[in-house]
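Peer 1: Quick one, what's the 3D model for this:
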Amino acid sequence: MKRILLFCTVLLLFISQSYGQFTLKAEFRPRFEYRGGYGKILDEDEKPIGFVSQRSRLSAYYQTGILSFGFGIQDVMVWGDEDLYSSTGVFGSKSSIDLNEAWVGIKPYNKGLIKIGRQYWAYEDQRLLSNRGWNQSEIKYDALLLQHAEEKLKLDVGLSWNNDIDRNFGNEYPTGKMKSMNFIYVRQDFNDWLHATVMVLASGFSATDTTPDINWQGTYAGYLGVKKGSFNALASGFYQNGKSRKGLSTSAYMFALSGDYLIKDKYSVGAGIDYLSGYDQQSTDSSYLEKAHAFDIFYGNRHSVFGHMDLFNNLPKSTDNGGLVDIFVKLKWMPVKSTTIAADFHFFNLQNNVLDKTSEDISYLSKALGQELDLNFSWDINKIFNIKGGYSFFLITDSMEKLQGIEPGNSRFPSWVWIMVTAKPIFLDTSQK
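Peer 2: Numbering: from 1, shown residues only. Sure thing, here's the model as predicted:
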């Protein structure tokens, strides 16, 4: 209740300054899922589950002169998850509402912006910095962002430093959360169809839960993008050094290549490859064994990249540090302007040698992990309402079953069905006359 009163107070302050530009909007997003292999391959004794999750969000934005503000609250829930109940009724939840956005922006000069507070970071194809919109909560950063934008040049610098409590000394922080993420992003548009981007990231994770030491890792990325007529393509390469989350010296890499072509504004054909380095468990080279070789994508995008079933959501754990090669083909059909029907095919393989831990002798898993087919549709009913849905299945191999901790031949056929309704009403927008 206190949080709701605080939000209403802030909202009234916004509205009272009506000489600026004010926007108040909401999002309601219930999603039904029937999971029979989403995120985890099921053993034959494990039963599929059906449930509904929901995102409910209210956001306010205000701009006047050189100042801008963003403030939003949200509730992410699973239908029936209330923890305040008795035999006579269900009454609510102790911790339902969360702060989604809270930032202030200042324009120190015409082409610059300083943004301070809880905010979204999403760049290029969102491989490393993403809002991860499929997740009902999404990913935000408590951070400082410095931006400079010209007609064909964009420069962003992001800085973050996290603590779990207000303290007077010490720098301890849970190892499961990122202590710090900092980056420099430079994008140059050469013309209206070609651009290049360079990114440098410094990410830090605490070495242990009880010590102030931080393992710093550097990631260096380069992009080259083409968008000419009906053709789009994006090539990228990444390298990591420094220390991994577990404190090992790192030498890892990734590259990605994708492209698509639009035919008569109704059909789209695309293909590409994602190649993430892994750790060669067959190697006996002592200098090699002392380093981490599995590429870390941090909080970057997963769902729209490595298959909708999210079986590789937790890299590099999902492949036992063996890396991943994903070759994909994507088809789209747009029968009318408001509707899209799509099919994505993925062919997954290990990038490197992974020890077969189920074998009594020393042997290594076959690199083929399986194929995934994602069928989905999207229908914009009007400017406010959208319906999406899909069906996915995975053709599994023995290697994938073993990585999932299941004896080969004892898994259920991995499949998943979902349907999602999204409503985004705009209650007030003073810029619209």
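Peer 1: alpha carbons only for contacts and neighbour counts from here, please
Peer 2: OK.
Peer 1: F32 versus whatever residue is furthest in space from the centre of the chain, what's the distance?
Peer 2: The C-alpha centroid of the chain is most remote from T88, which lies 40.4 Å away (CA atoms, centre = their mean). Counting by CA to CA, to the nearest Å, the gap from T88 to F32 is 27 Å.
Peer 1: do M199 as well
Peer 2: Relative to F32, and taking CA to CA, M199 is found at 37 Å.
Peer 1: Counting neighbours, go ahead and name the busier of those two.
Peer 2: M199 (21 against 18; other CA atoms under 10 Å).
Peer 1: Could I get the pLDDT score of the more buried one?
Peer 2: With respect to pLDDT, M199 scores 98.
Peer 1: My understanding was that it contacts Y220; is that so?
Peer 2: Yes. In this structure M199 lies within contact range of Y220 using CA atoms under 8 Å: 5.9 Å.
Peer 1: just for the stretch 1-150 of the chain, where's the confidence low?
Peer 2: 1-19 (pLDDT under 70).
Peer 1: For stretch 305-318, which residues meet the burial criterion?
Peer 2: Applying a neighbour-count criterion of 16 or more other CA atoms under 10 Å, one finds 305-313, 315-316, 318 buried in stretch 305-318.
Peer 1: So which residues make contact with it?
Peer 2: Residues outside stretch 305-318 that contact it (CA atoms under 8 Å, 6 or more residues apart in numbering) are 37-41, 278, 294-297, 302-303, 319, 321-323, 326, 346, 372, 374, 392-393, 403-404, 416.
Peer 1: can you check stretch 360-373 too?
Peer 2: Counting by CA under 8 Å, 6+ apart, 282, 307, 343-356, 392-400 sit against stretch 360-373.
Peer 1: 7 Å instead?
Peer 2: 307, 343-350, 353-356, 392-397, 399-400 (CA atoms under 7 Å, 6 or more residues apart in numbering).
Peer 1: after the strand or helix carrying N182, next one along is what?
Peer 2: Assigned by DSSP states H and E, N182 falls within strand 180-189. As assigned by DSSP H and E, the chain's next helix or strand after strand 180-189 is strand 194-206.
Peer 1: Of all the residues in that next one, which ones are buried?
Peer 2: Per 16+ other CA under 10 Å, strand 194-206 contains these buried residues: 195-206.
Peer 1: try stretch 53-71
Peer 2: For stretch 53-71, by 16+ other CA under 10 Å, it's 53-63, 67-71.
Peer 1: Show me the two of those residues that sit farthest apart.
Peer 2: Farthest pair in the buried residues of stretch 53-71 (CA to CA) is S53 and L67. Separation: 35.8 Å.
Peer 1: quick one: contacts for G112?
Peer 2: 147-149 are the contacts of G112 under CA under 7 Å, 6+ apart.
Peer 1: For ChimeraX, write the selection for the buried entries among the residues you listed.
Peer 2: For the buried members of the contacts of G112, the matching ChimeraX selection, counting by 16+ other CA under 10 Å, is:
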select :147,148
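Peer 1: mind checking the end-to-end distance for stretch 149-165?
Peer 2: End to end - CA to CA - stretch 149-165 spans 35 Å.
Peer 1: meant to ask about stretch 95-112
Peer 2: So stretch 95-112: terminal residues 38 Å apart, CA to CA.
Peer 1: So which bits of it are buried?
Peer 2: 97, 100-107.
Peer 1: ok, of those, which one's closest to N135?
Peer 2: Distances from N135 to those, taken by CA to CA, are shortest for N100, at 13.1 Å.
Peer 1: and that closest one, backbone torsions?
Peer 2: In terms of degrees, to the nearest 10, the main-chain angles of N100 are phi -90, psi -50.
Peer 1: Report the contact partners of it.
Peer 2: Per CA under 7 Å, 6+ apart, neighbours of N100: 72-74.
Peer 1: of the residues you listed, closest to T430?
Peer 2: Scanning those for proximity to T430, where the rule is CA to CA, the winner is G72, at 17.9 Å.
Peer 1: residues touching the spatially closest residue to K140 that is not a sequence neighbour, list them.
Peer 2: The shortest distance from K140 to any non-neighbouring residue, by CA to CA, 6 or more residues apart in numbering, is to Y120 (4.8 Å). With contact set as CA under 7 Å, 6+ apart, Y120 has these partners: 131, 139-141.
Peer 1: same check, this time on N349
Peer 2: By CA under 7 Å, 6+ apart, the residues touching N349 are 324-326, 367-369.
Peer 1: any idea how far it is from S399?
Peer 2: N349 is 10 Å from S399, by CA to CA.
Peer 1: ditto for L373
Peer 2: Where S399 is concerned, L373 sits at a distance of 18 Å (CA to CA).
Peer 1: Quick check: buried residues in stretch 343-357?
Peer 2: 343-356.
Peer 1: okay, how far is it across it, tip to tip?
Peer 2: End to end - CA to CA - stretch 343-357 spans 35 Å.
Peer 1: Check the offset of that stretch from the chain's centre.
Peer 2: 21 Å (CA atoms, centre = their mean, to the nearest Å).
Peer 1: any idea of the mean pLDDT in that stretch?
Peer 2: On average, stretch 343-357 scores 97.
Peer 1: And for stretch 370-377?
Peer 2: 98.
Peer 1: What are the buried residues along that stretch?
Peer 2: Result for stretch 370-377 [16+ other CA under 10 Å]: buried residues 370-377.
Peer 1: among the buried residues of stretch 53-71, which are in strands?
Peer 2: Applying DSSP state E to the buried residues of stretch 53-71, the entries found in strands are 53-63, 67-71.
Peer 1: if we can go back for a sec, roughly how far does the residue farthest from the centre of the chain sit from T64?
Peer 2: Taken as CA to CA, the span from T88 to T64 is 50 Å.
Peer 1: do D260 as well
Peer 2: For D260, the distance to T64 - CA to CA - is 41 Å.
Peer 1: Ok, T319 next?
Peer 2: Counting by CA to CA, the gap from T319 to T64 is 50 Å.
Peer 1: can you pull the contacts of I406?
Peer 2: I406 neighbours (CA under 7 Å, 6+ apart): D43.
Peer 1: Is it within a helix or a strand, and which one?
Peer 2: Per DSSP H and E, there is no helix or strand for I406.
Peer 1: Max pairwise distance over the buried residues of strand 194-206: which two?
Peer 2: Of all pairs in the buried residues of strand 194-206, the most separated under CA to CA is H195 and S206 at 36.0 Å.
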